[in-house]
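Novice: only the shape, not the letters, is given here:
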């Protein structure tokens, strides 16, 4: 269910007051509070840390609905890890569900990339996880990448690239070609000239055919 305008404004105020990470923690606590619990009453697990990392990124990019979804999943998983009745799911189903619902992270840079090679050197530390797939964009160029290796010794591999400026240039060229008229360059061709062109073409084709027959002989 999508957030209402009131809900979005409330989250924006949390972010303004507490920062994206603090706002994420507050949202999780609000959800846990419905069961009379809070993060202070549960262990600080990797589930909570990973959830906050993802929520922080989503709130930072204004994806409030997605951030709320991750907050709900994080709170639920924390309760499952503590063995709360009715909250535990089959582990295999749970992992498959995570894979299907996990969205690719996208990082936006204010400064434009000079080229792909420069973008490959600017992968944020939080994305440097082996086999992690993500997108980086400067608003014009967008690169889909995969990190391979460790945080310190790994490297980014480009999977896809998109350049809006080049696409726009290609579109302009195509529009120009679609509007091309031969008479603008060559002038109008009269009926007499067309007959001459046709006769010349037939003569040339006849010559090519005769030359081919002679070579066969």
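Specialist: That came through, no problem. Everything quoted here is computed from the prediction, not taken from an experiment. Residues are numbered from 1 along each chain as shown.
Novice: three-state assignment of the residue nearest to residue 120 when sequence neighbours are not counted?
Specialist: Nearest non-adjacent residue to residue 120, counting by C-beta to C-beta, 6 or more residues apart in numbering: residue 156, 4.7 Å away. Any C-beta I mention is one placed from the backbone N, CA and C, and that applies to glycine too. With DSSP: H, G, I helix; E, B strand; the rest coil as the basis, residue 156 sits in strand.
Novice: kindly state the beta-bridge partners for residue 156.
Specialist: Assessed by DSSP bridges, residue 156 has beta-bridge partners residue 147.
Novice: thought it was touching residue 145?
Specialist: Yes - using C-beta atoms under 8 Å, residue 156 makes contact with residue 145 at a distance of 4.7 Å.
Novice: who touches both of the two?
Specialist: Counting by C-beta atoms under 8 Å, 6 or more residues apart in numbering, the contacts common to residue 156 and residue 145 are 120, 123.
Novice: quick revisit: okay, now the residue nearest to residue 120: neighbour count?
Specialist: Applying other C-beta atoms under 10 Å, we find 22 residues neighbouring residue 156.
Novice: packing partners of the longest helix along the chain?
Specialist: Secondary structure of the chain per DSSP state H: the longest helix is helix 5-33. Helix 5-33 is packed against helix 46-60, helix 64-81, with contacts defined by 3 or more C-beta pairs under 8 Å, 6 or more residues apart in numbering; DSSP states H and E.
Novice: so for it, what's the average pLDDT?
Specialist: Average pLDDT, helix 5-33: 92.
Novice: residues of that helix that come out buried?
Specialist: 10-11, 14-15, 20-21, 23-29, 31-32 (16 or more other C-beta atoms under 10 Å).
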